[in-house]
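Asks: quick check, what structure comes out for this input:
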Amino acid sequence: MRRPVLPFAVLLALWSTSALAFPQFLTDWISRYGGVSTSADDASCQLCHANANGGSPWNAYGWDMVLALEQVACDADSSGSVSSDESLVCIEAFNSDEDTGENDNLAEINASTQPGWSLGDCNTLYTPVTTTPAQTAPAVGTLDPPGTLPVTDCPTDPVDPPDPGEAVIVSVAAGESIQAAIDEVPPGSTILIEPGVYRETGPDNSQNGLNVTKGLKLIGLGDEKNGVVLEQSGDQRNGMVVVPSNRTNCLGCHVTLAPPFTLREGVEPNGDTSPAIHGLEVRNITIRGFINNGLFTERVDDFKIINVHSVDNRNYGIFPTLSSNGLVQHSSAVGADDSGIWVETSTDVLLTQNYVADNVNGFEVSNSDRISLIDNEVTGNTVGIALFVLTDLVDERPETNKLLVEDNLIYDNNKVNSGTPGTLLSVLPPGTGILMLAVDNSVVRNNHIEDNGFTGIVIADYCLGVLGTSFDCDAVPPPPEFDAIPERNMIQTNTLVNNGTNPGEDNPFAAFASDLTLFVAGDYGNCFINNVYTTMFSLGGNRQCSALNTPPLVSNPGLPRDNFERPRPVGGP
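Replies: Reported below is the predicted structural model:
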């Protein structure tokens, strides 16, 4: 459990105050939200409590309200105490019930659902001395907004509340420094950022707009028209870096922070790939106009990037590397000369309900395992979704394996390639929906892929795909030894419309333009089944999928497309 727990004596003192009396909380809640929400009508006391008559234990929403009563950042009127109404406002941006849709409390209230209860048998109850997980919600009306899936795989044994250390909630107002708040708070803390445009100018921010070296929640407040924007304050290279403390001086190791990230003479690659930061959440922030990258993470485990928008950060937008157990959701990346959202040398990351446009690669996944791309909108890029093995990363992770690409809308990816010369991306022909280069054991299914000039989906042998370029497998010196041949990939029930009709005069592979392309010499278990398409080019036949060559992958189903709303940056169209 990630919520801080107050000392028992403090909680006893709180219980004795009128601030926690149920009628006052309910009255204030109805006064604030009752005009737009029936959540309290449906649940009554169980809006916050496990029992119909109130009292201990609390559900997740009620417990967050209890904790907010002791947080100075929630004292909006600076009276010296936090009222019940102030505590309600303070936790609006939280996702108290941790539902799979990442719906914050205010979104659930506006939808007349329950901010303290989620679908499934994974609700947690809280008392001063214990937490009880794996509970079913009571009958209190609709629990979560439409399209939200049940929470699964939660622990079942009661445990003592964890020691929260000194974690706090703090707020940053427009004109103040987010970096100062980051530096001051202990790990596990929550920073609430008031709407405004922030430009950090501190002595440690010459390269990066924000340096984060510990697990935190950074939550922007406001809305699409009046939210939180982080902009560069001169010649800063990166918007936000979440890295070990000895890795914030990026230019101390690299000649440039643009690809291919050439190391300075005498600098050896960092060999430590183990997690260094645990528990990160960045929510509701637009990062705009940095010379190189928007949001970069390195060696972070358990991260959430939600409603984060990268706008015109020239190399990469959102860029987790050497990271694990992550979520990128309701976010967007536009205007990158490399990849909008790039997952590199990482494991177990879900990318869902995002929007990527006007990049060279919309999404890129390289040298990573168990990455899922579900229910995203991908348009106006050179390559919509690029799935690679990069040879310069094989020492850190030698393969790209067990990917799931499902329920995405991928169309009109025909942007002229503006990639940095000398990089692999710069040699990719425009007009590709999904490119799979040396990828193994992956599934591409239920996607709608339309009007990509060169090809809808292409599975390619790495060495065939880079033939005649500076990345040629017969180049001198040759690339490191790696498995260049894609194996056991399944392309299933995709709809492909009008792809391969305009491959471009300068495209060396124009003769292979089609809806489906298999650019592999030989049968390596790549298969196709139940796709709707018009044209196909294959060097290795059109193998039909069977149980013998279906990749060993468990699906993480996406949300229905009817529930998709394009993520928008602050001030965006």
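Asks: right, and residue 151 touches residue 122 too?
Replies: Yes. Taking contacts as C-beta atoms under 8 Å, residue 151 lies within contact range of residue 122: 3.9 Å. Where you see a C-beta, it was placed from the backbone N, CA and C, and this is true even at glycine.
Asks: list the contacts of the closest residue to residue 453 other than its chain neighbours.
Replies: The spatial neighbour of residue 453 that comes closest, neighbours along the chain excluded (C-beta to C-beta, 6 or more residues apart in numbering), is residue 431 at 3.1 Å. For residue 431, the contact set (C-beta atoms under 8 Å, 6 or more residues apart in numbering) comprises 382, 413, 414, 452, 453, 454, 455, 502, 503, 504, 507, 513.
Asks: who wins on neighbours among the residues you listed?
Replies: residue 452 (33 neighbours; other C-beta atoms under 10 Å).
Asks: any figure for the gap between it and residue 519?
Replies: Using C-beta to C-beta, to the nearest Å, residue 452 is found at 16 Å from residue 519.
Asks: mind telling me the two of the contacts of residue 431 farthest from one another?
Replies: 382 and 513 (15.2 Å; C-beta to C-beta).
Asks: just read off the phi/psi values of residue 93.
Replies: Phi and psi for residue 93, reported as degrees, to the nearest 10, are phi -90, psi 0.
Asks: for it, grab the count of nearby residues.
Replies: 21.
Asks: how about it: what's its closest non-neighbour residue?
Replies: residue 219 (4.8 Å).
Asks: for that neighbour, give me its contacts.
Replies: Contacts of residue 219 by C-beta under 8 Å, 6+ apart are 93, 94, 190, 191, 192, 193, 281, 283, 284.
Asks: in strands, which of the residues you listed appear?
Replies: 190, 191, 192, 193, 281, 283, 284 (DSSP state E).
Asks: next, the contact list for the last one, please.
Replies: Taking C-beta under 8 Å, 6+ apart as the contact definition, residue 284 lies against 93, 219, 220, 221, 222, 227, 228, 306, 307, 308.
Asks: quick one: it from residue 230, how far?
Replies: Taken as C-beta to C-beta, the span from residue 284 to residue 230 is 11 Å.
Asks: which pLDDT value belongs to the nearest residue to residue 135 once chain neighbours are set aside?
Replies: Nearest residue to residue 135, sequence neighbours excluded (C-beta to C-beta, 6+ apart): residue 123, at 4.4 Å. pLDDT, residue 123: 91.
Asks: around residue 123, how many other residues sit close by?
Replies: 25.
Asks: rewinding a little: any idea which of the contacts of residue 219 is closest to residue 391?
Replies: After measuring those against residue 391 - C-beta to C-beta - the closest member comes out as residue 281, at 33.8 Å.
Asks: I'd guessed that closest one sits against residue 302; true?
Replies: No. Judged on C-beta under 8 Å, residue 281 makes no contact with residue 302 at a distance of 9.2 Å.
Asks: okay, strands next: where are they in the stretch 451-573 of the chain?
Replies: Secondary structure of the stretch 451-573 of the chain (DSSP state E, counting those that start in this stretch): strands at 455-460, 490-492, 495-497, 514-519, 527-529, 536-538.
Asks: that should have said the stretch 201-350 of the chain, apologies.
Replies: 208-212, 217-220, 228-231, 238-242, 277-288, 293-298, 300-311, 316-321, 324-329, 332-334, 339-344, 347-352.
Asks: partners of the third one in the sheet?
Replies: In its sheet, strand 228-231 lies beside strand 196-198 (parallel), strand 277-288 (parallel), with partners assigned from DSSP bridges.
Asks: mean confidence for it?
Replies: Per-region confidence: strand 228-231 scores 96 on mean pLDDT.
Asks: kindly report the same for the fifth one.
Replies: For strand 277-288, the mean pLDDT works out to 96.
Asks: how about stretch 452-470?
Replies: 89.
Asks: can I get it in CSV, CA atoms only?
Replies: Only the C-alpha atoms of stretch 452-470 are listed here, as CSV (Å, rounded to 0.1, in the frame of the first residue of the first chain):
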residue,chain,number,x,y,z
ASN,A,452,0.0,4.3,-44.9
GLY,A,453,1.8,4.8,-48.2
PHE,A,454,4.4,2.1,-48.0
THR,A,455,3.0,-0.8,-45.9
GLY,A,456,0.5,-1.5,-43.2
ILE,A,457,2.5,-4.1,-41.3
VAL,A,458,6.0,-5.3,-42.1
ILE,A,459,7.9,-8.1,-40.4
ALA,A,460,11.5,-7.9,-41.5
ASP,A,461,14.9,-9.6,-41.1
TYR,A,462,17.1,-6.9,-39.6
CYS,A,463,19.9,-7.6,-42.1
LEU,A,464,17.6,-7.5,-45.1
GLY,A,465,16.0,-4.3,-43.8
VAL,A,466,19.2,-2.4,-43.4
LEU,A,467,20.9,-3.8,-46.5
GLY,A,468,23.0,-1.2,-48.3
THR,A,469,22.9,1.3,-45.4
SER,A,470,25.6,2.2,-42.9
